[in-house]
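In: With the input below, show me the fold.
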Amino acid sequence: MSKSILHKEQMPAYLDREVTSADGDKFGHVHLAKALRGLLEDDKHQPPYSIGLLGKWGTGKSTVKRLYLSDLGNDETKNGDGVPRRERIYPITFNAWKYGGETDIRKSLFRHIFLEIGGSHEEANQQLLKTVVSTEFRKKPLKELWAEFTDQYALGLLIVAGFGLLFFILVSLMGWVFGFADPIATSVSVFSSAGLVGLLAYKFFSNLSILSARTPIQITSNPSQTIEEFEDLFQAQIQKFKNGRVRGTHGKKVHRVVVFIDDLDRLTADEMVSGLDGIRSLIEIASHQMPSDIGIVFVISCDEERVADALSKRRPSAELPAAVSTIQDARRYLDRIFQFRLEIPPFPKRDMRSFAFGLIQSEFAALQADLKHRQVDVQELVDRMIHPGVQSPRNAIQIVNLFAQSWWLGAMREHGGVGSNGP
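Out: The predicted model follows:
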């Protein structure tokens, strides 16, 4: 490969992300997406229930979900009620890994669904996460108001009035003894008495609180803890959702809410149990008192073996039965969570090699051209790179990326060597 071409080329790399259309599907994930559609949308399956979308990391669980959602978003097919399919299904995605290590996964799941069906952040925080202190005012009864007036003001008024009367008597006696017959002198004595009374009243009453007809009451609202509290909140919001619009969707047209829960197997064992308990609680909530024309289904994407292994090694607790001490026990426990299992089967080894070979042809043209120039058999190279231990497309992409980057860096260093004109 010439130096000029190398300088024009960026370092080659293929971005590993889920496939979003059937055209990019290399491993038959589109068929798994159709299978998922059948489990989610078949009228024979009455919600609520949950589906385990099971497979090891990198086997394409996110691709299956993305293909299903892509197909759903483009489907204008109308059922007997005249509502397009894409408006009948309302998808929600909850990434469990995002909330790992921060808070109670169960509450985070409840809060996320609550917000996705139109709930407000303020109500979600108040009901699910934060202790809220508020003040309300209650009207005082007349008896209580009179008692407060007597306690604060009656005694003071008597004292002020007594001092004012005493002063007035003294001034009057002085006028009688000294013969003050002048009206002006009499007025002065009266106003002096009134001024003194006013001054005493101001000094005494200025530090007292003003009487109010209402009394403040401090109310502390703790976040919801019991399943009954969650149920009331969820049921009320579902009713609001059915009667309004959320994310451009009219709730009256929605017949099924589908909640995708991703990356549950990336959490700690305690967090996994909290998340599974939240799913179980929501299924229990949705099993009764839901509107007759809407249901909720959960799709849990995870590596079941990893989840079962974490549960079997976890210490016993109130949420997890004490009998769960082996992987077999954990699987039986998961049977209570997953009503359906959709497992992504292992990929044949030859498929991984064909995938890597096609990746080099389509995404690494400069690398392929240089290998051919050096008379390197690309197929033989791929057979060596993609060994039997490579069991997922993600593994294959990582190996091809690493090889291509090492090739590019090596070629650049050779061309940049002192006194060299070529590799």
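In: from here on, contacts and neighbour counts on C-alpha atoms
Out: Will do.
In: did I read that right, residue 51 in a helix?
Out: No - secondary structure of residue 51 (DSSP: H, G, I helix; E, B strand; the rest coil): strand, not part of a helix.
In: secondary structure element for the residue most central in space within the chain?
Out: In the chain, the residue lying closest to the centroid (Cα atoms, centre = their mean) is residue 112, at 3.6 Å. If you go by DSSP states H and E, residue 112 is part of helix 105-116.
In: next helix or strand past that helix?
Out: Next helix or strand after helix 105-116 toward the C-terminus (DSSP H and E): helix 121-124.
In: what comes into contact with that following helix?
Out: 111, 114, 115 (Cα atoms under 8 Å, 6 or more residues apart in numbering).
In: give me the number of residues near the residue found closest to the first one once you drop the neighbours it is linked to in the chain?
Out: Once flanking residues are discounted, residue 111 sits nearest to residue 124: 6.0 Å by Cα to Cα, 6 or more residues apart in numbering. The burial count assigned to residue 124 is 20, neighbours taken as other Cα atoms under 10 Å.
In: so what pLDDT did residue 124 get?
Out: Confidence at residue 124, expressed as pLDDT, is 77.
In: got it, and residue 370?
Out: At residue 370, the predicted lDDT confidence score is 86.
In: Make sure it is indeed in a strand.
Out: No - counting by three-state DSSP, residue 370 is not part of a strand but helix.
In: what number of residues lie near it?
Out: The tally of other residues near residue 370 (other Cα under 10 Å) stands at 14.
In: How about residue 84?
Out: Residues near residue 84, counting by other Cα under 10 Å, number 18.
In: One more: residue 384?
Out: Residue 384: 11 surrounding residues under other Cα under 10 Å.
In: That one: what secondary structure?
Out: Secondary structure, three-state DSSP: residue 384 is helix.
In: if we can go back for a sec, now the residue nearest to the centre of the chain: closest residue in space, sequence neighbours ignored.
Out: Among residues not flanking residue 112 along the chain, residue 94 sits closest, at 7.1 Å (Cα to Cα, 6+ apart).
In: quick one: which helix or strand includes that neighbour?
Out: Taking DSSP H and E as the criterion, residue 94 maps to strand 89-95.
In: which residues touch that strand?
Out: Identification of contacts with strand 89-95 by Cα under 8 Å, 6+ apart yields 109, 112-113, 116, 254-264.
In: again, only this time at 7 Å
Out: Where contact means Cα atoms under 7 Å, 6 or more residues apart in numbering, the residues beyond strand 89-95 that reach it are 116, 254, 255, 256, 257, 258, 259, 260, 261, 262, 263.
In: chain center to that strand: distance?
Out: Remark: strand 89-95 is offset 11 Å from the chain centroid, using Cα atoms, centre = their mean, to the nearest Å.
In: one step back: could you pick out the buried ones from the contacts of helix 121-124?
Out: 111, 114 (16 or more other Cα atoms under 10 Å).
In: out of the contacts of helix 121-124, who's nearest residue 277?
Out: Among these, residue 111 lies closest to residue 277 (Cα to Cα), at 14.6 Å.
In: Okay, residue 388 and residue 402: tell me how far apart.
Out: 18 Å (Cα to Cα, to the nearest Å).
In: same check, this time on residue 98
Out: Residue 98 sits 28 Å away from residue 402, going by Cα to Cα.
In: Surely residue 78 is in contact with residue 85?
Out: Yes - counting by Cα atoms under 7 Å, residue 78 touches residue 85, with 5.9 Å between them.
In: Please identify which of the two sits among more neighbours.
Out: Neighbours per residue (other Cα under 10 Å) separate residue 78 from residue 85, with residue 85 holding more: 20 against 13.
In: What segments of the stretch 51-200 of the chain are helices?
Out: Remark: helices assigned in the stretch 51-200 of the chain by DSSP state H, counting those that start in this stretch are 61-73, 85-88, 105-116, 121-124, 142-149, 155-178, 183-205.
In: If you average pLDDT over each of those, which is lowest?
Out: Mean pLDDT is lowest for helix 183-205 out of the helices of the stretch 51-200 of the chain, coming in at a mean of 62.
In: Export the helix or strand in which residue 404 is found to PDB, keeping only CA atoms.
Out: Element membership for residue 404, per DSSP H and E: helix 393-415. Extracted in PDB, the C-alpha atoms of helix 393-415 (Å, rounded to 0.1, in the frame of the first residue of the first chain):
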ATOM      1  CA  PRO A 393     -20.500 -11.300  16.500                       C
ATOM      2  CA  ARG A 394     -19.200  -8.900  19.100                       C
ATOM      3  CA  ASN A 395     -16.200 -11.100  19.700                       C
ATOM      4  CA  ALA A 396     -15.600 -11.300  15.900                       C
ATOM      5  CA  ILE A 397     -15.900  -7.500  15.500                       C
ATOM      6  CA  GLN A 398     -13.400  -6.900  18.300                       C
ATOM      7  CA  ILE A 399     -10.800  -9.200  16.800                       C
ATOM      8  CA  VAL A 400     -11.200  -7.800  13.300                       C
ATOM      9  CA  ASN A 401     -11.000  -4.200  14.600                       C
ATOM     10  CA  LEU A 402      -7.900  -5.000  16.600                       C
ATOM     11  CA  PHE A 403      -6.200  -6.600  13.600                       C
ATOM     12  CA  ALA A 404      -7.100  -3.700  11.300                       C
ATOM     13  CA  GLN A 405      -5.900  -1.100  13.700                       C
ATOM     14  CA  SER A 406      -2.600  -3.000  14.400                       C
ATOM     15  CA  TRP A 407      -2.100  -3.300  10.600                       C
ATOM     16  CA  TRP A 408      -2.700   0.500  10.100                       C
ATOM     17  CA  LEU A 409      -0.400   1.500  12.900                       C
ATOM     18  CA  GLY A 410       2.300  -0.800  11.800                       C
ATOM     19  CA  ALA A 411       2.100   0.500   8.200                       C
ATOM     20  CA  MET A 412       2.200   4.100   9.400                       C
ATOM     21  CA  ARG A 413       5.300   3.400  11.500                       C
ATOM     22  CA  GLU A 414       7.100   1.700   8.700                       C
ATOM     23  CA  HIS A 415       6.400   4.500   6.300                       C
END
